[in-house]
Each structure stands twice: as structure tokens, then as C-alpha cells.
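Asker: can you look at this prediction? I've put the sequence above it.
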Amino acid sequence: MYIVLLGPPGAGKGTQSKNLAVKLGLPHISTGDILRQNVKDGTELGKQAKGIMDKGLLVPDELVAKMLDERFNNPDIKKGFILDGYPRTLPQAGTLDQIMASKGLSVDLVVYLDSSDKVIIERLGGRLVCSKCGALYHVTNMPPKAKDLCDKCQGALYQRSDDNEVTVSKRLEVYKKEVASLIEYYTKAKKLYRLNADLEAGVVLNQITDLAHKVK
Ligand code: ADP
Ligand code: ZN
């Protein structure tokens, strides 16, 4: 089952993808996570992407497409995946279809996590990420048991460099400019389902799981 999660930064794509991946036994593929790993490892791609990401802009299509194509060669996606952060634009939706078709695959379900600006800003402002395992926390909504330490692996928690007010508003602006055409594309393909992502994370997870079971 090949699932794509769409939605603004802060809608909970990361949290939902991680939980859904465990629930359905599928890999979670986040283009943002792969890019951040490249930045951390100091790869050529990471060097090119860092400044762009910190400005809240999109990394050039050909770089992200190549990265994704390589990721899809990993046999762990044989039964499906949860894709988070891609596509972000209409051309990227076309690229995704092409890359998947070249491997005999296609997207089964697109879930659009709709969220209000107020909730988004509140969630991103308090988001914390584990530097070791990538687990997500929130200072008030989902606090770690020990301050700044991951419950799962004891790794140090940090705030993403693009989770500051200026970059968040840029990310939201880029998102809003692009999302309408994606919604139209997947509505036409009869693959799109919209959920209210302002609701509590557990409720949203159950709704996505129900959709996944209905579709396939
Ligand atoms: P969020 O969805 O919370 O904004 P992500 O972790 O998905 O954050 O992405 C962080 C940054 O990584 C984006 O602002 C962008 O610079 C880059 N990025 C991630 N996915 C893509 C993509 N599909 N195309 C271009 N850039 C991307
Ligand atoms: Zn951790």
C-alpha cells in the first residue's frame, strides 16, 4: 500500500507517518529527514540543500527526485511506504508517478492533513526532535519525560533550524502557493481524502488507518 501524506508544515505529517508506519508495518520515507541526514553527514547534496532549507525554500526538483529514486531502489518498499514531504508541487507529483511507474508501482492513497495556521504555528514553535532517532516531541503537547532527552533512546532533543518564526512563515507561504494544484491533481485521480489535522494525534491516526483499510 503506497500512501502519500500531504499537508502544511506542522500538520503532523511526521508524527502521523511515523506512527502509521509502525501500525501498518511499512517504511516511512520523509524527504525532509533524508535531506537533514545529508546536511548532517556533510554530503554534496547536504551542502547544496542546507542554505535553501534554512530559508524555507524548496530544494531543486532534480536533486530531490534523484534522492527519492535512489531511496525507492531499497527493497524495503516492496509492500508499500508512507511518503511524507513529497510531492510538494504539481511537477513533483508528475515526477513521483514517473519514478513509481518505472518500478511498476503507483500511489494508492493520498491523505490531506488540513490544519489551521494558528495550530501550525503553535505546533512548530514548540517542536523538538531527537538528534539520534528522529522521534518528535512538543514542549507542551507531547513533552519528553526528562527535559531535552528522548524517551526512546536518551538522545539529545533539539529545535530544527527552520522552526523559527521567519522561516516557518516562509514555509507556509510556499506551501499555500503550491498545495491547491496538488489537491486538484489527486482529486481528479480519485485518490485524495481530507482529514482535520487540528484534532488530537491519536484520533487522526485512527482515521488514516481506517482509510488505508478501506482503500486496499
Ligand atoms: P515541513 O513539512 O515541516 O516544512 P520537511 O521536513 O518536510 O518540513 O522539509 C523541510 C525542508 O526540506 C523544506 O522546507 C524544503 O527546503 C526541503 N524539502 C523537503 N521535501 C522537499 C521536496 N519534496 N522538494 C523540495 N524541497 C524539499
Ligand atoms: Zn531518540
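Answerer: Good, I have the coordinates. Ligands and ions are numbered 1, 2, ... in the order given.
Asker: for residue 118, report the pLDDT, please.
Answerer: Residue 118 is assigned 88 on the pLDDT scale.
Asker: helix, strand, or coil at it?
Answerer: helix (DSSP: H, G, I helix; E, B strand; the rest coil).
Asker: roughly how far does it sit from residue 167?
Answerer: 18 Å (C-beta to C-beta, to the nearest Å). The way it works is simple: take the backbone N, C-alpha and C, and place the C-beta from them, glycine included.
Asker: same question, residue 130
Answerer: From residue 130 to residue 167 the distance is 20 Å (C-beta to C-beta).
Asker: residue 50 too?
Answerer: Noted for residue 50: a distance of 13 Å to residue 167, by C-beta to C-beta.
Asker: just the pLDDT for the closest residue to residue 155 other than its chain neighbours.
Answerer: Nearest in space to residue 155, with sequence neighbours left out and distances taken as C-beta to C-beta, 6 or more residues apart in numbering, is residue 132 at 2.9 Å. Residue 132 carries a pLDDT value of 94.
Asker: got the residues of the protein near ligand 1?
Answerer: Contacts of the chain with ligand 1, taken as C-beta under 6 Å from any ligand atom, map to 9, 31-32, 35, 52-53, 56-59, 64, 85-86, 88, 92, 162, 171.
Asker: again, 8 Å this time
Answerer: Proximity of the chain to ligand 1 (C-beta under 8 Å from any ligand atom) is limited to residues 7-10, 13-14, 30-33, 35-36, 49, 52-53, 55-61, 64, 68, 84-89, 92, 124, 160, 162, 167, 171, 174-175.
Asker: which of these are buried?
Answerer: 7-10, 13-14, 30-33, 35-36, 49, 53, 56, 58-59, 64, 68, 84-89, 92, 124, 160, 162, 167, 171, 174-175 (16 or more other C-beta atoms under 10 Å).
Asker: out of the residues you listed, which sit inside helices?
Answerer: 13-14, 31-33, 35-36, 49, 53, 64, 68, 92, 124, 167, 171, 174-175 (DSSP state H).
Asker: and residue 5, what element?
Answerer: Using DSSP states H and E, residue 5 maps to strand 2-6.
Asker: just checking: what are the partner strands of that strand?
Answerer: Sheet partners assigned to strand 2-6 using DSSP bridges are listed as strand 81-84 (parallel), strand 109-114 (parallel).
Asker: let's have the ones you listed in JSON lines, adding mean pLDDT.
Answerer: Output for the strands paired with strand 2-6, formatted as JSON lines (pLDDT from 0 to 100):
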{"stretch": "strand 81-84", "mean pLDDT": "98"}
{"stretch": "strand 109-114", "mean pLDDT": "96"}
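Asker: how about those in CSV, adding distance to residue 44?
Answerer: Formatted as CSV, the strands paired with strand 2-6 follow (distance: least, C-beta to C-beta, whole Å):
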stretch, distance to residue 44
strand 81-84, 24
strand 109-114, 31
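Asker: so which of the ones you listed is the most surrounded?
Answerer: Neighbour counts (mean count of other C-beta atoms under 10 Å) averaged over each of these peak at strand 81-84, with a mean of 26.
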